[in-house]
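Participant: sequence below, structure please.
(3 chains)
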Amino acid sequence: MNFELIVDNFFLIILGLDETLNLVIISLSLGFVISIPFSLARISSIKILSKSVYYYIFIVRGTPLLVQIYLIYFGLGAIPFVRESFLWIVLKEPFWCGILALVINTVAYTTEIFRGGLQSITKGQIESCKSLGMNKFVMYSKIILPCAFRQALPGYGNEMILMVKSTSLVSLITIMEMTGIARNIMYKNYAPIEAFVAAGSIYLFLNFLVVQFIKFLEWKYNPHLRVKD
Amino acid sequence: MFQFDLLIFGNTGWGDELLISTIMTILVSLSSMFLGVCLAIIITWAKISGNLIVRIIANFYTTVIRGIPELLVIYLIFFGGSATLMYLAKIFGYNGYIELNAFTMGTISIGLISAAYSTEVFRGAYYTLGVGQLEAGKALGLSRFQSFIKVLAPQMLKHALPGLGNVWQITLKDTALVSVTGLVEIMRQSRIASNVTHSPLTFILSAAILYLILTSFSSKAFNKLEEFTNKNDSVTQ
Amino acid sequence: MKKFILTLIALSMLCLSTVTNAKTIRIGTEGAYPPWNNLNAAGELEGAEIDFGNEACKRMGFDCEWVIQDWDGIIPALLNGKYDIIIAGMSITEERKEKVNFTDGYMTDGARFAVLKGSGLANLTISGMDKVNLNGAGGKEQAAIGQLIAAMNGKTVCVQSATIHQNFLDKHMAGAVKVKLYSTVDDHNLDLISGRCDAVLADVGSTIDYMASDSGADVAFTGPTFSGGVFGDGVGGAVKKEDFFILEMWNKVIAEMIADGSLSEITKVHFGRDISM
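Facilitator: All right, here's what the predicted structure looks like:
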């Protein structure tokens, strides 16, 4: 175990950090925003809405992320119709293919997490809202969604960590984020352990930051659960 | 585009290779899950143990495995595993080459990942059941370890079933990442076929469908299992 | 409890296999690099190097056991003892010689850029040179590379990772072109067809094989054929530094097969031309 090499690798791999962060932040933000209407659709009484979202989640959660990434990048790229359409502007770039795959994946999981949060709102709370004369929009925006988010926080924190780890898979479609750089280093000096230990420690640190961020959010948004001094 | 004729069985089609690789996926998932559950029971015990050092090691293990991408875990075990094993064997005086076949490599990699997730599930199940069980065991004269294995673990398995169902799905899907070990499971076989035939859509789509069949079948099986174990829980008074 | 542990230990012993008996040679190969070595629909390995390896083993009186390994990990797996020799279209380079020893070269093929037929990069001619040998590269070769850089400035060139082709781009064309790395040649060929790559750089043999398929009908070569320098000197078998005996055995049989013409026959069958050394 050549520790000097690990440190050298560290400075090379950290160059991929901005690409990794781009992937994480864009995918999580898009995923978060899209999951809200999706989770509302999932629990809605309109059968076709809830069934479609259900099958979407079923298919996305039933296949590995790697297969989804390959399908979007290589699979769609092999269809002449896609190549000649306006979609190609986006799908030509591996970065956007990666984002597309990550967003599709995270929306499926996040929708389920938010659904759990929404379903934790008791009938009593909804009745109190109605008795106060709130219309549906006010009820959702002031009471239901905020409460649901607080419930979903631990589960969503887990999803954030999984997203950071999932970005390593897009290295397999030529994106040079941290794992891609680590593999490239391995090719050059045939020292895989040093390369992957360096990369692993950066991911570990990133996830540590995410965990702290989630703890902060939980502390901030659940004042009733704070430990009293 | 999607070419059905490439999927036929026999010497000119890849259908039979895909079927064999599906069986391989099932086998490696089963053995990884089994390894993971066995390890998880030990690590859970370590985490609830009184010994600080043992707790720290167990926590370090789960934090690292759950904190770094699965791909890196698999690479580290694949590239580091044989070297480490040979180093250990040298200590015992064995100087030959030890070769771990691809299946074992895959099982160990995915098993270690699966163990970390299963540990969290078992921990949750343990706290649901309560510490009293261990004390009751002690009162009966069982050692702490015996009461854990004979009393707590079987009950934990039942409460852990939904969580374990989730870990099984994760394990099944993680097997798609072990292609670096050379193990020919669904993902690797579909990539090989796609490379030879220059027809990626056919084979990646087939791989997706195969995984979907495996995961949906598994979730139905787990649902049945949960019903079965919860059968006697209903209040019948 | 004791029985359980004993069973576990016994089962784990079954999984470990010690080095196979002395009568078998384990050969590591990629299996995704036609016509050198690839898998066919029947699940068997085929290709020029497969024929070469099988014939060599026969002559040495050993059984051949082929082990398939992704190109990424092919050298680390050799160093870990997964197989005894690599026969996978691996060029002999100074860089690789630091980690492994090579047998004498048994086949050699140049490297050439390939593009889509209608593209702006098609039919590049570089100062009238058909072949550029980078060994002892002088002004003429540098000028040729300079012309190439000028023609391909800003374009995307795709290569298989961990190859001499990647090394060439990194060393000579790093700032001028955008380099994309792929795990197999087929992956970058597919991206050439789909338009994600403006050009690919690979060895002549594998590109010709691709051009013969339906998918590769629109692919054409452009520019000169490269060899030497960072491209190495021929393709050889890689063995661990301490395996002198294995190295000598293979060198003997390679010399034999070159001398009696069987190697050149094998290459003619798969490449359509003689590329033996």
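Participant: counting neighbours, what do you get for the nearest residue to residue A:221 once chain neighbours are set aside?
Facilitator: Distances taken as C-beta to C-beta, 6 or more residues apart in numbering or on different chains place residue A:150 nearest to residue A:221, at 5.2 Å, with adjacent residues excluded. C-beta coordinates here come from the backbone N, C-alpha and C atoms, glycine included. Residue A:150 has 17 neighbours, counted by other C-beta atoms under 10 Å in any protein chain shown.
Participant: ok, now residue C:94?
Facilitator: Neighbours of residue C:94 (other C-beta under 10 Å): 9.
Participant: for residue A:186, see how far away it is.
Facilitator: Distance of residue C:94 to residue A:186, given as C-beta to C-beta, to the nearest Å: 19 Å.
Participant: and the next helix or strand past the helix or strand encompassing the residue nearest to residue A:221?
Facilitator: In the assignment (DSSP states H and E), residue A:150 maps to helix A:145-166. Later in the chain than helix A:145-166, the nearest helix or strand by DSSP H and E is helix A:178-189.
Participant: show me how far that next one is from its chain's centre.
Facilitator: 25 Å (C-alpha atoms, centre = their mean, to the nearest Å).
Participant: quick revisit: pull the helix holding residue A:150 out as PDB, backbone CA atoms only.
Facilitator: Extracted in PDB, the C-alpha atoms of helix A:145-166 (Å, rounded to 0.1, in the frame of the first residue of the first chain):
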ATOM      1  CA  LEU A 145     -46.800  19.300   2.200                       C
ATOM      2  CA  PRO A 146     -44.700  20.800   5.000                       C
ATOM      3  CA  CYS A 147     -45.800  18.000   7.400                       C
ATOM      4  CA  ALA A 148     -45.100  15.400   4.800                       C
ATOM      5  CA  PHE A 149     -41.600  16.700   4.100                       C
ATOM      6  CA  ARG A 150     -40.700  16.500   7.800                       C
ATOM      7  CA  GLN A 151     -41.900  12.900   7.900                       C
ATOM      8  CA  ALA A 152     -40.000  12.100   4.700                       C
ATOM      9  CA  LEU A 153     -36.700  13.700   5.900                       C
ATOM     10  CA  PRO A 154     -34.900  10.600   7.100                       C
ATOM     11  CA  GLY A 155     -35.900   8.600   4.100                       C
ATOM     12  CA  TYR A 156     -35.000  11.400   1.800                       C
ATOM     13  CA  GLY A 157     -31.600  11.800   3.500                       C
ATOM     14  CA  ASN A 158     -30.900   8.200   2.600                       C
ATOM     15  CA  GLU A 159     -31.900   8.900  -1.000                       C
ATOM     16  CA  MET A 160     -29.400  11.800  -1.100                       C
ATOM     17  CA  ILE A 161     -26.600   9.400   0.000                       C
ATOM     18  CA  LEU A 162     -27.700   6.800  -2.600                       C
ATOM     19  CA  MET A 163     -27.600   9.500  -5.300                       C
ATOM     20  CA  VAL A 164     -24.000  10.500  -4.400                       C
ATOM     21  CA  LYS A 165     -23.100   6.900  -4.800                       C
ATOM     22  CA  SER A 166     -25.100   6.400  -8.000                       C
END
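Participant: against residue A:219, how distant is the residue nearest to residue A:221?
Facilitator: For residue A:150, the distance to residue A:219 - C-beta to C-beta - is 12 Å.
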